[in-house]
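Trainee: Predicted model, plus sequence, below.
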Amino acid sequence: MLRRVRLLVASIVVVAVVVGGSVANAAPGFRFHGSGYGHGIGMSQWGAYGLANKGWSYQHILSHFYSGTRVLHSATLPKRIRVGLTSGRLRIHLTARNGPVRLWLDGPGMTFVAKIPMGQTWTVSSARAVPRYVVRDQTGALVGGVMWGGPSRSLFATFSDTGARVSVLEADDLWHQGFTYAYGFLEFDLLGCANRCAERLTIELPFEKYLRGLGEMPSSWPAAALRAQAVSARTFATYKIRQYGLRSDCDCHLADGAGDQVYVGWSKEVGVDGNRWAGAVVSTAGQIVTYHGSAIQAFYAASDGGYSENVEDVWHGGNPAYAIPYLRGVCDPGEYTSANPWTDWTRSFTASTVSSRLGPYTGGIGTITRFTNVRRGVSGRIVSAIARGTSGSAFVAGSELRSALGLPDGRVWINSDRNITGAVRSKYDSVMCRPGLPLSSVLAVSHGSRQLFQRGGIYRNSRVNMTVWLRGTIHDEYLAAGGVGGRLGLPVSGAVRPMLTYAPQTCSPCRRLVLEGGRIYFKPGLGAHALWGPVLSSYLGRGGAQGALGYPTTRVKTVNGVSRASFEHGTIACSSGTCQVS
C-alpha cells in the first residue's frame, strides 16, 4: 500500500481522556502495543476498504470520516497543476517510450535542443564547473557538442503532444525502477549553483490527468473505496492550490511524496487494474468534499487503528485553537479486516534506547523508567505524557514519542496490550465504539474472552456463539458478583426485558441478564442484583420477576450455610437443598 505519513494543520475542542494515568515499565524496557499506521486524521484508507465491503457508498464513507461535510460538484476546480517529482539530483535519466521525446530550452516548443529516439535512455546532468545542462545520448556522447541553458534558461521535455511516454528513473523513490508519464511536460531547473548546481524536475499537466496518476490506493480495491480516495485526493489538491498557490520552495503546487500525495503517473494507469482507478477518477470528475461550500483539508492516512483522531490532538498537543470542525475523531468500523496489516502490532525497546531517542525532547533525565500522566485523545492516541527518569522528569508530546521511536501510529498502550481484537473487536465495531477506550487487555477464558472498557465490558461465549456488551448497573453487579471468574460465568444472553407469561409489561426499563451460573435482574429504584443456586431455582419456580415475589432487592448472600436473597415482596432462604419463602 502506497501510504506514508502526511503533515499539517488543525481540528476542534480538545476531547482528551486520561486512561491508565501511570504506566510503569518492566525493568528491561518498554513494549508499545499499537494499532493503525499514519497520523490517524481524516479518512482511513483501510477503513474505506472495509466500509466499501460492508456496502457503504463513497459519499457515505467521506461524510463519515469528514464530519459535517458534503460531496459536491465544483465548476471552479484547478485546470492544471505543477507537481515536484524530484530535487537535489546531479543526473536524471530519461527514457523515450511509444515515440520520441523532444528537449527544448526556454519553454515547450521554444528553442529546440534534441530528440530522444523511442526506446533510448539519455541523461541530463548539471555541469561540474559551470551552471549548465549536460545532455548525453545513449552512447554517452555530448548532445550537440555543447552544454545547454542555465539557471535562467530551463530545459523542457515534451512527449504528450505526439502520444509518446517518458520514464524517469530518479522520480521513483518507492521501488527505484522509474515512473512513466503520459501527460503534460517536464521542466528541469538548476538550483544552488554557488558550487555545482543541482537539478530539480517538475511536471505540469491537466489537473484531472494528475489524479489518474496517483498511487495512493491499490487499484484492485472495492469501487466505493477507490471513488472515496479519488474525491479525497482531488479535494486535498484543490485545497492546497487554492490556499497556497505556486510554492516558491519547489515552483510547484504539490510534491510527489509523503508531504503531499504519491504521484506515479502513467505507471498507475497501466499497472494491475489501473483502469479501475482511472474509472474512479473519471466517474467522480469535478467532485470534492466541502464544508459550508468550501473545499476541506482532506487529510487521509493508511490505517487509523479503528478510530480516527482530532487533528489538534495529533499535531498541536491538544490546543483547541487548532481545532477544525470536520477533522474530528470518529469510530471506524471498517478497519478490522484480515487484509489490513496494521490492526495489531508491537514494538519493543530497551530502556536505554527509549531514553536515548527521547533525549532531544526530554533533556538529561537519566534512564527513563516509566511514563505517567498519559493524556489521550478520543481515539486513544497519546497527546502527551510525563517521562520519568532516574534523575528527573520531562513532558513529552505524543507526536514526539511517535517520531523518536519510529512508531507506526500514536495509538499505543505502553507495557499493557489493550488492543481490541477478535470477536471482542467485531462487537466493539458493531456498536460504533460506544464502549469507549479499553481499560484492560483481552482476557482469554476457557471458552470465551472478555475486555473491559470505559463503559462496561464486552464478553464472548464461544459455547453459545454469542458476544455481548454489558454496561451500567447490570455490569457493575456482574463484576461485584465475581465476573467471568465468579460463579456466574459468562453471559448466555444480552440484558433484555424479562419474558412475560401471563401479565402485560409493567416495567419497560426492567432488564434480565442470563448467565451460565445465574441471573441478574434490574429494576429502576431497586438496582441490579444477582441470583444463583437454589435461591434462583426457587425464585424461578415461583414465577420469577413476574411472580408474587417481584424483583430482587439484594443479591444472594450465604451466612452459616444459609443462602438468602430479599425481594420486593418477600425473602427466599435455602439450606441443605430446602428453600423457604417468607
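Mentor: Yep, that arrived. Numbering: from 1, shown residues only.
Trainee: ok, which stretches of the stretch 301-450 of the chain are helices?
Mentor: 311-315, 351-362, 398-405, 422-430 (DSSP state H, counting those that start in this stretch).
Trainee: what's the second one packed up against?
Mentor: Contacting helix 351-362 under the criterion 3 or more C-beta pairs under 8 Å, 6 or more residues apart in numbering; DSSP states H and E are the following elements: strand 29-34, strand 368-376, strand 382-389, strand 392-397, helix 398-405. Every residue, glycine included, has its C-beta placed from N, CA and C.
Trainee: And these: which comes nearest residue 566?
Mentor: Of all the helices and strands packed on helix 351-362, strand 368-376 sits nearest to residue 566, with 42.4 Å by C-beta to C-beta.
Trainee: now that closest one and strand 382-389, what's the angle there?
Mentor: Angle of strand 368-376 versus strand 382-389, following axes from the mean of the first three to the mean of the last three C-alpha atoms, to 10 degrees, is 160 degrees.
Trainee: Mind giving me the packing neighbours of strand 368-376?
Mentor: Against strand 368-376 (3+ C-beta pairs under 8 Å, 6+ apart) you get strand 22-24, helix 351-362, strand 382-389.
Trainee: and that strand, how far from the chain's centre?
Mentor: 23 Å (C-alpha atoms, centre = their mean, to the nearest Å).
Trainee: re earlier: make a markdown table from the helices and strands packed on strand 368-376 and add mean pLDDT and mean neighbour count to it.
Mentor: Converted to a markdown table, the helices and strands packed on strand 368-376 look like this (pLDDT from 0 to 100; neighbours: other C-beta atoms under 10 Å):
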| stretch | mean pLDDT | mean neighbour count |
| --- | --- | --- |
| strand 22-24 | 44 | 14 |
| helix 351-362 | 97 | 17 |
| strand 382-389 | 97 | 22 |
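Trainee: Nearest to residue 170, out of those?
Mentor: That would be helix 351-362 among the helices and strands packed on strand 368-376, by C-beta to C-beta, at 31.4 Å.
Trainee: For the longest helix along the chain, C-alpha coordinates in CSV please.
Mentor: Using DSSP state H to define each element, the chain has its longest helix at helix 223-244. The C-alpha coordinates for helix 223-244 follow below in CSV (Å, rounded to 0.1, in the frame of the first residue of the first chain):
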residue,chain,number,x,y,z
ALA,A,223,-15.1,0.6,-6.2
ALA,A,224,-16.6,2.7,-3.4
ALA,A,225,-13.2,2.9,-1.7
LEU,A,226,-11.5,3.9,-5.0
ARG,A,227,-14.1,6.7,-5.5
ALA,A,228,-13.7,7.9,-1.9
GLN,A,229,-9.9,8.1,-2.5
ALA,A,230,-10.4,9.9,-5.8
VAL,A,231,-12.6,12.5,-4.2
SER,A,232,-10.3,12.9,-1.2
ALA,A,233,-7.3,13.3,-3.4
ARG,A,234,-9.0,15.8,-5.6
THR,A,235,-10.1,17.8,-2.6
PHE,A,236,-6.7,17.6,-1.0
ALA,A,237,-5.0,19.0,-4.1
THR,A,238,-7.7,21.7,-4.7
TYR,A,239,-7.4,23.0,-1.1
LYS,A,240,-3.6,23.3,-1.4
ILE,A,241,-3.7,25.0,-4.7
ARG,A,242,-6.4,27.5,-3.6
GLN,A,243,-4.7,28.1,-0.2
TYR,A,244,-1.0,28.2,-1.1
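Trainee: Please name every helix or strand in contact with the next helix-or-strand element following it.
Mentor: Using DSSP states H and E, the helix or strand that follows helix 223-244 in sequence is strand 254-255. Judged by 3+ C-beta pairs under 8 Å, 6+ apart, strand 254-255 is in contact with strand 80-89, helix 223-244.
Trainee: Turn the helices and strands packed on helix 351-362 into a markdown table, including distance to residue 116.
Mentor: Putting the helices and strands packed on helix 351-362 into a markdown table (distance: least, C-beta to C-beta, whole Å) gives the following:
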| stretch | distance to residue 116 |
| --- | --- |
| strand 29-34 | 48 |
| strand 368-376 | 56 |
| strand 382-389 | 52 |
| strand 392-397 | 50 |
| helix 398-405 | 42 |
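Trainee: Was I right to think residue 552 contacts residue 518?
Mentor: No. The criterion here is C-beta atoms under 8 Å, and residue 552 misses it with residue 518 at 11.2 Å.
Trainee: Which one of the helices of the stretch 301-450 of the chain lies nearest to residue 74?
Mentor: That would be helix 311-315 among the helices of the stretch 301-450 of the chain, by C-beta to C-beta, at 23.2 Å.
Trainee: Give me the packing partners of the closest one, helices and strands only.
Mentor: Using 3+ C-beta pairs under 8 Å, 6+ apart: helix 311-315 touches helix 398-405.
Trainee: Distance from the helix it packs on to the middle of the chain?
Mentor: Relative to the centre of its chain, helix 398-405 is centred 16 Å away, using C-alpha atoms, centre = their mean.
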